[in-house]
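J.: how would this look folded up:
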Amino acid sequence: MATSNTSLETTLKEASQITGAVWAACVERRDSGWLLETTYKLNKKRQASTLKYLELAVVDTWLCGAITVGRTRSRKLPKTLELGIEKIYIFPVKETQKVVLVGADKLDKSAQRIWRLLAASGSFGSNDVTLQPADTFIFGGQTSVPYNLPRSLERVLARIVQYVPCQAGWLAIYGDDALSVEAHWNCPEALGSKVVVETNEVYSRVMRTAKGVLVEKGDPDWDNLPQKELFGDAQIWGAIPLMIGQRLIGVVVLWRKEPFSADEWLKLQSFSVYAASSVEMFVTFSEMANHLRRQAMLNDFALITSSAQNLDQIVRRVFALLMRTFGSELIALFLLSTDGRTLREYRNRDRRVRTRTQFVEKHPIASFIEAGRNIRVENAQDQKYELVNEDAQAALIVPLKYRGKVIGVLELESEEVAAFSGYDENLLGVIASHLAGLVEYGRLREEAEARARNLGLIHEVIQQVIGLTNIAEVAQITADLLVQHFAYELSVVMLVDRNQKLKVEGISGSAAPLIKKALDKFDWYPVQGGISGFVYETGESTMVNDVSQNARYKHVPGWDIGSEMCVALRDGGRILGIIDVESSAKNAFSHNDLLALESLAGFLTSAVSSVDRYQMLQDTIQILQTTQEELQARMEAQHAAENRLLQAAKLAAVGEMAAGIAHELNNPLTTVAGFSELVLDDLPDDAPQREDLEMVLHEARRARNVVRRLLDFARQSESVRVRAGLNEVVEDVVVLTNHLIQTSGIKFEMTLGSDLPWALMDRNQIKQVIINLLHNALHAMPKGGELSIITETRHKDNQQWLTMAVQDSGTGITPEDLNRIFEPFFTTRVDDGGTGLGLAVTYGIVTSHKGFIDVESSPGNGSCFTVWLPIEEGY
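T.: Residues are numbered from 1 along each chain as shown. Just a heads-up that it's a prediction; the model follows:
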């Protein structure tokens, strides 16, 4: 539909007068730049200024963006531009490269709506639904198609088929010397397939000549066409290249029964020129979108790992991120121990991360660790790779390197063939490089803690066996301390007797009575031929995380185990005995457990081999004591840091209340108290108003004391536990929080038990527990509700407890969140400033008082937190 310039100018004039615009113009984007098509009240000087302004790169990009998204935009003009207005508004004309420019100081919503309707009316461009070739592949700006590559290419192919009907066909993108089918028309079997151009004469000719090729059934080339099973009864096949200059970016393949007419073939050649530009744009948009998604993922990676507290938490969060990014749950991480003997394996199974420790030797991942380079497996069967998951077909295997040394392997698998691209490989490599540093830091921290425990165990063993000459007594003490320090279900120390036979000298743990019965009844222990026997014969340490999969395991009647760990007591080439620990659970032991056992075995060997070496042990004690002091100093420093964190959480919890109370009460209370004192000074003793004024002064001072107590509570102090009444502490906190409760529209009820026993507590810490629970309850009831506190004594686990229940009628907690509410930094109030520390600190305080917390909650039914504190002994 064509409209004369005079008519358009009249339209612009009328719209300007109605909306109060200073001037208006219709401009069109051409290859050479912007062209003024129709103007109103825009003289030659202003026209020149306007065109010069539109030629600025930033303005040109801004205008093109408006056309692409089809949205109204406005921009404040620089004061140096003499156009008689403050702002410029643009209204895109749909299905064209035109926009309506409107100059005005300000357009309200009604005025902007008038201009939008005018731009969409068809006055400035054709509304004819018949598409010209150049328009065929241009989609409306209000669609997300350009960012969805498969959908975009399907639209392109559909447009081609619309003008040149065919039986079926596909569109492939060229890359890495192959054509990858990304869109189809009536042949879904072709989707995802690849054709190597160099291996096919027909496609090589298309690429060489940059021209289309027609092949009829019966021609010699027909037999060279790939995927002939898809053609059905087709008699003609055609391939049209998509070229950008001299560069091939893709190919469109069509087939049908009837031959293509000369006009149809000419149309296809013509359409391919326009389709190539669109395909190039869509591929670029898709790559940009993928790049931005990957960048966002890297940002998420940095955020989630920065707040992780330990190695296991880091791994869980990284696995969750990889699942979201790559759409696969088949993820595994293998970490080498510092001595390179064992692998700590993390595997994602059924959305749960499971761990186990295995020896590196003969492990399937050992070859990848040795290779130390990225490996992309597109088809595991063809490439003969042994992957972690049996159903996996493709994989990305990336080494974790720290300071040039391989410390582990990150493996991502998929059940689809060729599921990962080179870009995915590069991205996983970046993640692995960042993860390596985090893993090394977390592992060093865990190993330092493990060494501290190991040193503590060895130190205690040494302390208890010094001066003992009975080796059996030494063995029993060792077995007892192993169970005490590591909670093993069974610990056995066997020593070689004078007859060169192993004899059980020390046994401890919950399973010890069963083993003792077996020993008394059968007078044997599974040594010869068993796992223990293998260690005794070879002197090699062994860790078996699933004994059912180990052929050497020998069953002891009455004792079903899942894991076993055994080390030898070696004195040079001589085996003096073994230490064997067992657990009923599978995957119960880690590399640190093995190191602890080997460290203890080294000491025990010394004790067994010679009693005369006690002087050397004294020197060892001195070294251990020094080390223990250093570790103690570090632990105290860490404890001080934890105290600061606890104090920060306390201040955060009461900060809101302190600010409100101080602001609302301090100033008026000072005034009330001051003037009351002045009036009392001037008032006769027998004045009838004196009693009332004294009451006013008393209450004002009491209110000021509330503020002072709150501020005193916020100050950091040493943890001091004294005999105290829970009711008194609750009442103190209620006084502090009463203002916040009242202003939150909460119906509050406090029921304090009578004659409650005393408890040994740190009053300030218990106050913080109550404040945190009240604070969480208030946040759970943003629109008001019911809140209650009940104190009483209750019986549980054959013991009397002092309890405090805080119950609200708020939003409640989901079962998923209920399992994590005491985790540090876990919060459901990210947008509301939640830190995730309140309940973690509360849990720490209560457990440090030898108590515990029960939580009952469900969504929509509120929550009840019950704190259980032990009653002071002797009460």
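
J.: Could you look up the SS state of the residue nearest the centre of the chain?
T.: Nearest to the geometric centre of the chain sits residue 317, at 4.2 Å (C-alpha atoms, centre = their mean). Look at residue 317: counting by DSSP: H, G, I helix; E, B strand; the rest coil, its state is helix.

J.: Excluding chain neighbours, what is closest to it?
T.: residue 304 (4.4 Å; C-beta to C-beta, 6 or more residues apart in numbering). Backbone N, C-alpha and C define where each C-beta goes, glycine included.

J.: Alpha carbons of stretch 50-69, as CSV, please.
T.: Included here for stretch 50-69 are C-alpha records, laid out as CSV according to Å, rounded to 0.1, in the frame of the first residue of the first chain:
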residue,chain,number,x,y,z
THR,A,50,19.5,15.1,12.5
LEU,A,51,21.2,13.0,9.8
LYS,A,52,24.7,13.7,11.3
TYR,A,53,23.4,12.6,14.7
LEU,A,54,21.9,9.4,13.3
GLU,A,55,25.2,8.5,11.6
LEU,A,56,26.9,8.3,15.0
ALA,A,57,27.8,4.6,15.7
VAL,A,58,26.1,4.5,19.1
VAL,A,59,22.9,6.1,17.8
ASP,A,60,22.9,3.9,14.7
THR,A,61,23.2,0.8,16.9
TRP,A,62,20.4,2.1,19.1
LEU,A,63,18.1,2.7,16.2
CYS,A,64,18.8,-0.7,14.6
GLY,A,65,18.2,-2.3,18.0
ALA,A,66,14.7,-0.7,18.1
ILE,A,67,13.9,-2.1,14.7
THR,A,68,15.1,-5.5,15.7
VAL,A,69,13.0,-5.8,18.9
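
J.: Give me the contacts around that stretch.
T.: 25, 27, 29, 33-34, 36, 42, 72-73, 75, 77, 81, 83, 90, 92, 97, 99, 101, 141-142 (C-beta atoms under 8 Å, 6 or more residues apart in numbering).

J.: rerun that using 7 Å as the cut-off
T.: Stretch 50-69 has contacts (C-beta atoms under 7 Å, 6 or more residues apart in numbering) with 27, 29, 33-34, 36, 42, 73, 75, 81, 83, 90, 92, 97, 99, 141-142.

J.: Which residue ranges of the stretch 401-550 of the chain form helices?
T.: Per DSSP state H, counting those that start in this stretch, the stretch 401-550 of the chain carries helices over the ranges 422-465, 471-486, 512-522, 531-538.

J.: where among those helices is the average confidence lowest?
T.: Within the helices of the stretch 401-550 of the chain, confidence is poorest for helix 512-522, with a mean of 70 (mean pLDDT).

J.: hang on, the earlier thing: now, of the contacts of stretch 50-69, which are buried?
T.: Among the contacts of stretch 50-69, the ones that count as buried by 16 or more other C-beta atoms under 10 Å are 27, 29, 34, 36, 42, 83, 90, 92, 97, 99, 141.

J.: Quick one: those residues as CSV, columns for secondary structure too.
T.: CSV is the format used below for the buried ones among the contacts of stretch 50-69 (three-state DSSP):
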residue, secondary structure
27, strand
29, strand
34, strand
36, strand
42, coil
83, coil
90, strand
92, strand
97, coil
99, strand
141, coil
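
J.: Out of the helices and strands in this protein, which is least certain?
T.: The weakest-scoring helix or strand in the chain, judged by mean pLDDT, DSSP states H and E, is helix 614-661 (a mean of 64).

J.: Spell out the secondary structure type for the residue sitting furthest away from the middle of the chain.
T.: Distance from the C-alpha centroid of the chain, by C-alpha atoms, centre = their mean, peaks at residue 686 (73.9 Å). Three-state assignment for residue 686 (three-state DSSP): coil.

J.: Using the record's domain definitions, break the chain down for me.
T.: Using automatic domain parsing, the domain ranges for the chain come out as 5-130, 145-289, 308-438, 467-609, 639-713, 717-870.

J.: what's the span of stretch 803-813, first residue to last?
T.: Start and end residues of stretch 803-813 are separated by 22 Å (C-alpha to C-alpha, to the nearest Å).

J.: circling back to that earlier point, out of the contacts of stretch 50-69, which two sit at the greatest distance?
T.: Farthest pair in the contacts of stretch 50-69 (C-beta to C-beta) is 81 and 142. Separation: 30.5 Å.

J.: Once you drop chain neighbours, what's closest to residue 458?
T.: Residue 458 sits nearest to residue 603 (C-beta to C-beta, 6+ apart), 5.5 Å away.

J.: who touches the one you found in this structure?
T.: Residue 603 sits next to 458, 461, 462 when contact means C-beta under 7 Å, 6+ apart.

J.: Point me to the helix or strand that includes it.
T.: Using DSSP states H and E, residue 603 sits within helix 591-609.

J.: what about dumping the CA coordinates of that helix to CSV?
T.: What follows is helix 591-609, C-alpha atoms only, in CSV (Å, rounded to 0.1, in the frame of the first residue of the first chain):
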residue,chain,number,x,y,z
HIS,A,591,42.7,-41.8,52.1
ASN,A,592,43.2,-39.8,55.3
ASP,A,593,42.0,-42.9,57.3
LEU,A,594,44.7,-44.9,55.5
LEU,A,595,47.3,-42.3,56.3
ALA,A,596,46.3,-42.3,59.9
LEU,A,597,46.5,-46.1,60.2
GLU,A,598,49.9,-46.2,58.4
SER,A,599,51.2,-43.4,60.8
LEU,A,600,50.0,-45.4,63.8
ALA,A,601,51.5,-48.6,62.4
GLY,A,602,54.8,-46.9,62.1
PHE,A,603,54.8,-46.0,65.8
LEU,A,604,53.5,-49.4,66.8
THR,A,605,56.3,-51.1,64.9
SER,A,606,58.8,-49.1,66.9
ALA,A,607,57.1,-50.1,70.2
VAL,A,608,57.0,-53.7,69.2
SER,A,609,60.5,-54.0,67.8
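
J.: Sounds good, over and out.
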